[in-house]
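> I would like to see how this sequence folds:
(one chain, ligands or ions: 1)
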Amino acid sequence: MSGNRTFTMIKPDAVRNGHIGAILKMFNDAGFNILAMKFTKLSAEKAGEFYAVHKERPFYGELVEFMSSGPIVAAILEKDNAVEDFRKLIGATNPAEAADGTVRKLYATSIGENAVHGADSDENAMIEGSFHFAGTEIFG
Ligand code: CMP
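Residues are numbered from 1 along each chain as shown. This next block holds a predicted model:
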């Protein structure tokens with residue numbers, strides 16, 4: 001059975017470009033409840049840790065530099081079938097391939113600076129949510 005929580009970040013490009021409000025409205029309009037949320041900034045070390053799974057990829061250095069280049073919004077969202085429905089809402093990783101009406105089609109500028117992150121599995125949603133919110137009430 002699929003879970004009812006996912007994890008997201010509104011990335012530094014979308015924050016810099018003033019799209020936090022519009023993107024959060026899209027999340028709400030699509031039926032996602034915000035269970036936890038914070039406006040924060042990742043150090044290069046923390047960004048590297050968060051994306052450690054991509055360590056061997058050629059874009060890892062660029063990804064870490066970008067994700068630590070400015071503030072982000074991190075959030076845990078709730079909805080039935082959260083992970084899959086959220087990935088549909090945000091669209092393909094590469095905005096050139098993202099469907100009309102998706103967050104990335106509207107707000108992403110490139111595959112690297114793609115406005116939002118969405119967890120790709122229930123397991124990763126839990127790991128990533130815990131990375132940002134461990135010790136807060138939502139995680140007990
Ligand atoms: P995200 O869903 O946050 O997970 C991994 C991120 O790596 C991805 O979004 C992109 O922002 C980034 N990424 C994936 N492929 C590339 C690429 N070819 N060049 C630069 N960044 C990439």
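> show me the contact partners of the helix ranked longest in the chain.
Of all segments of type helix in the chain, defined using DSSP state H, the longest is helix 122-133. By Cβ atoms under 8 Å, 6 or more residues apart in numbering, the residues outside helix 122-133 that reach it are 2-3, 5-7, 36, 38, 40, 49-50, 74, 76, 82-83, 119, 138-139. (Each C-beta comes from the backbone N, C-alpha and C, glycine too.)
> is Leu77 in a helix, a strand, or coil?
Using DSSP: H, G, I helix; E, B strand; the rest coil, the three-state assignment for Leu77 comes out as strand.
> any idea how many residues pack against it?
Neighbourhood size, Leu77 [other Cβ atoms under 10 Å]: 28.
> count of neighbours near the closest residue to it other than its chain neighbours?
Beyond its immediate neighbours in the sequence, the residue positioned closest to Leu77 (Cβ to Cβ, 6 or more residues apart in numbering) is Phe32, lying 4.2 Å away. By the criterion of other Cβ under 10 Å, Phe32 has 22 neighbours.
> contacts only, for Phe32.
Under the criterion of Cβ under 8 Å, 6+ apart, the neighbours of Phe32 are Thr6, Leu77, Glu78, Lys79, Ala82, Asp85, Phe86, Leu89.
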